[in-house]
Structures are given as C-alpha cells and as structure tokens.
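Asks: sharing a model that was predicted from the sequence below.
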Amino acid sequence: MDLSAAPAPIVALAGAGRSFGAVRALAGVDLSIAPGECLGLVGHNGAGKSTLVNLVTGALAPSEGSVRHAAGDPRASGVRWVAQELSLAPNLTVAENLILTQRDLRGLGWRNPARARIRAALDRVFPDHGLDADATVADLTLAQRQMAEIAMAFAEGGPDPRLVILDEPTSSLDASRAGQLLEHVRRFRDGGGAIVFISHILGEVFAVATRIVVMRDGRIVDDRPAGGFTRSGLVEAMGHVVRGGDRTERRNDKGPEVVATAEGLRAHAGEVVGLAGLAGHGQAEALARLFLARTSAWRGRGPVPVAFVAGDRARDGVLPLWSIARNLSLAGLSLLTRAGLVDRGAEGALARDWRGRIGIRTDDVDRPILSLSGGNQQKVLFARALATEAPIVLMDDPMRGVDVGTKAEVYDMIRAEAARGRTFLWYSTEAEEMTLCDRAYVFRNGRIAAELAGAEITEERLLAASFEMGEVPG
Amino acid sequence: MRRLDARLLLPVLSLALLLAAVFWVQPRAMSYTGLNLLFNLAVPIALATIAQMLVIMVDDIDLSIGTFVSFCACVTATVLHDSPLLGVLVLGAAVAVYAALGALIEARKLPAIVVTLGMSFVWAGLAVLMLPAPGGATPDWLRTLMTVKPPLLPMAILACVLLAVVSHLLVTRSALGTRLRAVGGNARSVARAGWSVVRLKAVAYGLAGVFGVLSGMALVGLATSADANIALRYTLLSIAGVILGGGEFTGGRVSPVGAVIGALTLTLAASFLSFLRLSPDWQIGAQGAILVLVLAARLLVRRRAVA
C-alpha cells in the first residue's frame, strides 16, 4: 500500500449549492472528506448544515455544482447517517430496523444475520449496553433508542460503513455513554473510517474532530485542522458581526410579575421576554406547557387569559378553508357571541379594524385565507392572538418564512402592544429577534441555561450560552 | 417476542371464554361436526380480516373490502365457474386494481378512507352487474376443497391455522413484511433509506387484494351460490377482527395470528347469540356489546402495563 499518496475522498463536493424556491440554503460549497478524517461541522441554526448533510447522503440533489461519491452512489460508498430526529420504526424490534438500511438482508433467513450484526455493533460502540436486539423500539428509553440508531449506523454489512454522519448524536445520552461514543468515533477514524460530527457541545467536537468546518448563511466560512481553532474563536466564526436592534423604546419600570413557572421562566406585565437557544432545546415545549396550564379549564368562559401565535402556520395556525375574517376572529370568538351565536357584523368589523392596524394586504376580509401570502397569513395569526385582549401572548417562532418588511411591521406592533401593558413570550431561533427583547432565557437540553437582560443580549452571548463549552469525558 | 405474547393474551382469552360459553349452552357443539359448523363461516371472514390488516399495517384503512369480497364472490360464482381462464384473469385484474389504488393513495397523498369508500361503491356496482339476482354456481373443485373432511381437525379450523401460519411468516417473519410494517411505523425513514414507499404500499394493497379474492372464493365454496350483497358486513367485521386481535389503527402494529383469532371470536360471538335464541334484531347489537367489552378490557390491560 502506498502511504505517500493522499487517500481518495469518500465524497467530494465541488461548487455545490441547493436552492429551495427563491431561498438559497447552500451555495458554492467545496468540500471533500477522506478516509481517516473526522470532520466537525458547526454553525448556527439555518447555517446550512442539514442541507449539506442531505447533499452528502444523497437525500437531496444539488441544484448547482456536483457531489461525487467514491463508489458512485452514497449507499454503495458506505455513507450512513444518524439524523437528529430519531428515525427508527417504533413498531419493529432493534434488529428488524436494520432491514431498512441493509439491502443484503432478504428472504426468510435474514433475522439471524441482522441480530448478529446489531449485537456486534452495540458491543463495539457501547460496551455493556444491556440492550436486547429483539426488544421493540417503542419499549426502549430515548437514550436506548439513540444508542440503537448509532449502533445501526456502525453495523457491518450491506456495504460496510465508510462515512458515518452523526447529527447531535449525544443529545439523549448520558455522560458515560457519550464518552463511549466519542471513544468509538476515534477508533473508527483511526481505523480508516470517516466521520462527520455535528454537535452543539463544542467540547465533544474538539475531542474527536481532526478538522473543523464552520458554516454561516449557507456557506463554509472557515475550514481548518481542529488544532487551528480555540473555543472562543470558533464561536466568533459562527456568529455575525453586524447587529441590528434598536433599544431606545425599552421600558425600565417593571409591572407586576404575571408569569412564574417551576422551571424558572418569569415575566412581568409589559415585558417582551425571549426564549432563545438552538432549535429543539425545549423552548416550544415550555411555551406549550405554559399555555396548556393556563387555558385547559373545562369551562373556558370569560376573557382569554393567554393567546398563542403558532410558528408552523400550516400545522397549528391557519384553517385553510375559512375566510380571513373567520380565521382572525377564532381565538376571541367568545367576545363576539351573543346568546351563543356569532355576531357576524361585529366579526367583520373586528377583521376590518385589524386589517388596518396590522396592515393585512387584502381588499376584502371575506376572501379565503390562502389568497394571502405567507407573511400576511402570519399577520392574521398575530391579529387572532392580539384580538383576544389576552394579557399574555406566547409566540412559537412566529417569523419563520416571513419577509423582512413584514417582520419590521410586526416588531413595531409587538413593542406598541407591550407598551400598553401586554406581556410577550417569544421563542425564536434568530438571534436578531432576541436582541429586540427586554430579557432572554437561553435554553439548552430542555432547561434554562442562562438569563440575559437588556444590552447583555447579543448574538455572541446567545451563541456562547447555546453551545456547551465545558469539557466532556472520554 | 414477549410483547407479542402479551398482545395475543387477550384475544386468546376472549376466544377461550366464548368457546367455553358456547359449549356450556350447547354441549353437542363439542364435536367434529359441531366445531366445523361453528367455525365454517370464519374462514372467509378470517381471510378478509387479514386483507384488512395488510392495509391497516401501512397506516391506511380499507372501507371497500366488504363489497370487494362480494364482487369476487360473484365473479367466482359466474365467470370462474363458466370459463375458468377468464375468471382467473378477472380476479387477477381486480388484484392489480387494488395494488394500483395503494400506489395512487401514496403517490397523490390521498386519504385512504375516502378512496376506499368511493371504491366500495364501484365494487358494489360491478358485483350487481355480474349477478343482478342471487344465484350462480360454485366450481366443483372449490366446493370439494371447502367441504373436505380431514381427519382429527375439521377443515375450518385447519384452514384458519394454516392462514395464521402463512400470514405470520409473510408479515412478521419475512423481510418484505418487516419493510411493510416499517412503512406503518415510520414511512419517512423508510423513504430516507432509499425505498419507494409508493411501491411498498402497492405491494401491501396488492396482497390485501389477493386475500380479498381468496375470501370471496372461500365464501362461494361454502355458500354454493353468490349474491351481490353477500359480504357487505365484512368491512366492519374485518376492522373489528384486526383490532380485537391486538392490532392498532396506526403505527404498523398488527398481529396476523391475533387477527385470525379476532375473526374466529367474532364468528363465535354470532353463533353464541343464536344458541341463546336471541332474536336476530338484537344480535348485531349484542355482538357490538361483546366487542366493546373486549376492547374495554384491552384498554384496562394497556393502562396497567403503562402504569
């Protein structure tokens, strides 16, 4: 074997990019991953990490440039992927799940090889794992499911793994299991395998990566051997330098405390409180818990205590067959009823009033809601919440996919309503929006990791609190 | 395996309980002929239940199975009897239509409940076209097959055991069946692993069509003639059978052995009620009550397991 020649890369991207409609999620990426390499991939939400991973695994085709795999297609090249959201079939056993990824398991006599492979992989990655290959996935704990999924990716057979992509692989593992995984990643790497390692725990990235790639706004902004970075340098490379946010309207006088939860979430009347951190670290759940605790009374009469603005419009927000006016009046319907019937005249007047106040671009509020653009639909959802006169408004990343102009209008609206004494709890993954808040809680792993107030809320501070800087075992 | 046993415990218990009740009311049923009479009609119902289970397994539901079985029965009693080759072709085409429906439902993301409800009228119409008035005749070989008297065990029970074994191998043990169950459990990751969910759903529906055809043929073999409305009740019976047998409406959690036991239980419930000399007007209601009872018991068992 000729050791002097550079090993052929398992995957090579040249000028690769991917657009979704008008949005360019990834642009001009040149990257090749060679055997024996462990690539640490870091960046904020929406930096393009998952799009890049999707190109490497072949789940998406590039809309520009090229992606080449060593053996032609990703499966034959031994590319395996442990996605961030768990992707096992819960009704099957651990061994049965292997049949999806390993094509050479077929016919009737496939169970024994499947069992043998997954047991061997589990023993290798997580010694004394205590996991039964014949256990149904639904009966396993979250940590066990993650262990099973990781072991599946490292299991031999149906081509053997050569490049394993681990996306937040330790999110459900405890420290000792995480240590075992990092140990195995190092072994796999030293044995000639390649790894792409994505984690918000920078200590883990430094523990295993031979090379670190930093992504921002759909591009690779830095690509160096791991030794070339310091932790604070890495955080700096991920963040923007420019900052928006105009703080002149900030109120200093605090009203009475209106929210206080067991997990430490507090808010005063007239305050805009941010829930920051990386996506999926418990912010939406915290809002949902708060909302359900306040609104789940059997007899929902009288004024609405809390209103909710959904971020996932299609799933939790819009009633697609209804008119704009009916969508808008839904949450505050009890204010518009007389003797159990909806006062149509008042409903129309309310909708027209809000059309003017929040700038919904339509000439007739009786048109179907889907005649509006996404940003204007979102305005209707805002109006729905604000029209309830609820003193507390919860917002679950409401600006997803909203254009810049609409955002500015809604920001003004929020500040104006807060000045009138309403309280806003605002979850957003965009640091820029958090800088508009009076106070921000940074969530990490389902808990509040930091609380920042006023001028302390900067993108750097938010990022630093979102990523764990501490050492990890192993 | 352990979980499978827990899931099967309740169907087995309810069947045993009903059987004991039947024997207590009518001791003469405890014989070769008695058992055969009790379970005769269970064979087509069990086949239809397996067909339904294959569709429920991929997170859909089939509201057309009753009229489809009626249609297949009419084809068997007319075309298959008169010109066997043409009959086989017609039944094969019916299976192909089923597979195509599965592909269509997945490819266009249509709600299965709507598509199969619509198709139920199509099958019903075709059945009436085939056989405007009750009649037709059973092919001789089919009649012989359905009335064969094997030693030791009556044909009905033997057929059900065979069906349970075959569908268990197909659904629970084979690689294909496991992949189909994975579609019900997590279709996204099946697609991400590079499989065509459209094709897998077509396979699941196509297999359901095959079992539907077999159900229609078995029914004609027992009844000796057909009628366009012969199996209308099968739609709801098959769904009830799957659920009674420990299956669930979503998530690809089904048990083929349980489904066969569920079908047996439902058949037995009907016989039990006739033995009690309950007027037919009350029988359907009473059958529903038995169903509610078993499902309530299952809910309690599940609660206990979770707690």
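Replies: Yes, it's here.
Asks: ok so A:P90 is a helix residue?
Replies: No. Per DSSP: H, G, I helix; E, B strand; the rest coil, A:P90 lies outside any helix segment and is coil.
Asks: what does the model give it for pLDDT?
Replies: Predicted confidence (pLDDT) for A:P90: 91.
Asks: not counting sequence-adjacent ones, nearest residue to the residue in chain A positioned nearest to chain B?
Replies: Closest to chain B within chain A is A:A89: 3.3 Å, counting by C-beta to the nearest C-beta. Glycine gets a C-beta too; all of them are placed from N, C-alpha and C. The spatially closest residue to A:A89, leaving aside those adjacent along the chain, is B:G185, at 3.3 Å (C-beta to C-beta, 6 or more residues apart in numbering or on different chains).
Asks: quick check: that neighbour vs A:S199, distance?
Replies: For B:G185, the distance to A:S199 (C-beta to C-beta, to the nearest Å) stands at 28 Å.
Asks: now swap in B:V43 and tell me
Replies: Counting by C-beta to C-beta, the gap from B:V43 to A:S199 is 57 Å.
Asks: who has more neighbours out of these two?
Replies: Legend: neighbour count by other C-beta atoms under 10 Å in any protein chain shown for B:V43 and A:S199, higher for B:V43 (28 against 25).
Asks: just the CA atoms of whichever strand or helix holds A:A416, as PDB, please.
Replies: Using DSSP states H and E, A:A416 maps to helix A:404-419. What follows is helix A:404-419, C-alpha atoms only, in PDB (Å, rounded to 0.1, in the frame of the first residue of the first chain):
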ATOM      1  CA  VAL A 404     -38.200  41.300   6.100                       C
ATOM      2  CA  GLY A 405     -40.800  44.100   5.600                       C
ATOM      3  CA  THR A 406     -43.500  42.100   7.400                       C
ATOM      4  CA  LYS A 407     -41.100  41.300  10.200                       C
ATOM      5  CA  ALA A 408     -40.300  45.000  10.800                       C
ATOM      6  CA  GLU A 409     -44.100  45.800  10.900                       C
ATOM      7  CA  VAL A 410     -44.700  43.000  13.400                       C
ATOM      8  CA  TYR A 411     -41.800  44.000  15.600                       C
ATOM      9  CA  ASP A 412     -43.300  47.500  15.900                       C
ATOM     10  CA  MET A 413     -46.700  46.000  16.700                       C
ATOM     11  CA  ILE A 414     -45.200  43.900  19.500                       C
ATOM     12  CA  ARG A 415     -43.400  46.900  21.000                       C
ATOM     13  CA  ALA A 416     -46.500  49.000  20.800                       C
ATOM     14  CA  GLU A 417     -48.700  46.300  22.500                       C
ATOM     15  CA  ALA A 418     -46.000  45.800  25.100                       C
ATOM     16  CA  ALA A 419     -46.100  49.500  25.900                       C
END
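Asks: after that helix, which helix or strand is next?
Replies: strand A:423-427.
Asks: CA atoms of that next one as PDB?
Replies: Provided in PDB are the C-alpha atoms of strand A:423-427 (Å, rounded to 0.1, in the frame of the first residue of the first chain):
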ATOM      1  CA  THR A 423     -46.600  40.600  28.000                       C
ATOM      2  CA  PHE A 424     -44.900  38.700  25.200                       C
ATOM      3  CA  LEU A 425     -43.000  35.400  25.500                       C
ATOM      4  CA  TRP A 426     -41.200  34.900  22.300                       C
ATOM      5  CA  TYR A 427     -39.400  31.900  21.100                       C
END
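Asks: could you pull up the mean pLDDT of that strand?
Replies: 92.
Asks: what's around the nearest residue to A:A138 once chain neighbours are set aside, how many residues?
Replies: In space, and not counting its chain neighbours, A:A138 is closest to A:P90: 4.1 Å by C-beta to C-beta, 6+ apart. Residues within reach of A:P90, counting by other C-beta under 10 Å, total 18.
Asks: contacts only, for A:P90.
Replies: A:T136, A:V137, A:A138, B:G185, B:N186, B:G251 (C-beta atoms under 8 Å, 6 or more residues apart in numbering or on different chains).
Asks: how about those residues in TSV, adding pLDDT?
Replies: Formatted as TSV, the contacts of A:P90 follow (pLDDT from 0 to 100):
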residue	pLDDT
A:T136	91
A:V137	92
A:A138	88
B:G185	92
B:N186	91
B:G251	87
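Asks: what residues does the stretch 1-150 of chain A put near chain B?
Replies: Residues of the stretch 1-150 of chain A lying close to chain B by C-beta under 8 Å from any C-beta of the partner chain are A:59, A:75, A:81, A:83, A:87-92, A:96-97, A:99-101, A:105-108, A:110-111, A:134, A:136, A:139.
Asks: which of the residues you listed are buried?
Replies: Among the residues of the stretch 1-150 of chain A next to chain B, those scoring as buried are A:59, A:75, A:81, A:83, A:87-92, A:96-97, A:99-101, A:105, A:110-111, A:136 (criterion: 16 or more other C-beta atoms under 10 Å in any protein chain shown).
Asks: about what we covered before: in strands only, show me the residues of the stretch 1-150 of chain A next to chain B.
Replies: A:W81 (DSSP state E).
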